[in-house]
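Participant: For reference, the sequence and a predicted model appear below.
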Amino acid sequence: MERDKIFLDMSQINSCTAVFGVIPAGTTIYSMPANAKDEYRKFADDYDIHFIFDDDIVNVDFYAVPQVDIVAIDSQGGYMGTVGATTDIESDAPICYLDKNRKVFLIADSLKEFIESGKNWRNNLLPYDKIELFASKEEANKKYDFYDIDSLDI
C-alpha cells in the first residue's frame with residue numbers, strides 16, 4: 001500500500017471538472033550533518049551564506065505559505081530557503097531570500113543555480129510576491145484551511 005500519497009476519490013464528484021491542488025505550507029529547516037561544516041565554510045567566509053547544521057539549528061518566527069525550507073542564513077538576519085518543497089540539489093524549486101524585515105525576494109530558479117551564483121547572489125535579488133509570511137500557523141489559518149498530515153492517517 002502506498003502510504004506516502006493521498007488519493008482523492010473523484011467518483012462522487014458531480015461537476016464535469018474538478019481541480020485540486022496540494023500546496024505544502026509552513027516554515028521548515030533543512031540542516032546538514034555537523035561534520036560537513038568544513039566543506040561549506042567557503043560559502044560563509046566568502047559569500048555570507050551560512051548553511052544550517054544539526055548542531056546549530058535556527059529558530060524562525062514566521063509561518064510561510066507556501067512552504068519555505070530554510071537552508072541558510074546571512075549575517076544581516078536574512079534567511080535563504082527552498083520554496084514549496086524540501087531542499088534538494090536536483091530540484092527545480094526556486095530559492096528565496098527573506099530579509100530581516102521579512103521582505104521576500106527570489107534569488108535563483110534552483111538550489112544548483114543559487115550555489116553556482118556564489119558571491120553574486122545579492123545582485124540577483126528580485127521582489128517575489130508568491131510567498132505570504134504570517135506570525136504563526138494560527139494567523140495563517142484565518143486565511144487558509146490546513147490539513148495536518150498526521151490527521152490524515154497516512
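Facilitator: All right, it came through fine. Computed from a predicted structure; not experimentally measured.

Participant: Now do the helices in the protein.
Facilitator: 37-47, 111-117, 137-140 (DSSP state H).

Participant: For burial, what's the neighbour tally of Gly104?
Facilitator: Actually, residue 104 is Val. It isn't Gly. 20 (other CB atoms under 10 Å). (Each C-beta comes from the backbone N, C-alpha and C, glycine too.)

Participant: list the helices and strands the worst-scoring helix or strand of the chain on mean pLDDT packs on?
Facilitator: Least confident helix or strand, the chain: helix 111-117 with a mean of 92, by mean pLDDT, DSSP states H and E. If you count contacts as 3 or more CB pairs under 8 Å, 6 or more residues apart in numbering; DSSP states H and E, helix 111-117 packs onto strand 95-98, strand 104-108.

Participant: For stretch 53-66, output the C-alpha coordinates as CSV.
Facilitator: The C-alpha trace of stretch 53-66 is given here as CSV (Å, rounded to 0.1, in the frame of the first residue of the first chain):
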residue,chain,number,x,y,z
PHE,A,53,23.9,22.3,10.5
ASP,A,54,22.4,19.9,13.0
ASP,A,55,24.4,21.3,15.9
ASP,A,56,23.2,24.9,15.3
ILE,A,57,19.5,24.9,14.3
VAL,A,58,18.0,28.4,13.8
ASN,A,59,14.6,29.4,15.2
VAL,A,60,12.2,31.2,12.9
ASP,A,61,9.4,33.4,13.9
PHE,A,62,7.1,33.1,10.9
TYR,A,63,4.9,30.7,9.1
ALA,A,64,5.2,30.6,5.3
VAL,A,65,2.6,29.9,2.6
PRO,A,66,3.7,28.0,0.5
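
Participant: rewinding a little: between the helices and strands packed on helix 111-117, which gets nearest to Pro127?
Facilitator: strand 104-108 (6.1 Å; CB to CB).

Participant: With adjacent residues omitted, what lies nearest to the most centrally placed residue in the chain?
Facilitator: Closest residue to the average C-alpha location of the chain: Val68 at 2.0 Å, with CA atoms, centre = their mean. Leaving aside its sequence neighbours, Val68 sits nearest to Gly81 (CB to CB, 6 or more residues apart in numbering; 4.1 Å).

Participant: measure that neighbour to Phe20 for me?
Facilitator: 26 Å (CB to CB, to the nearest Å).
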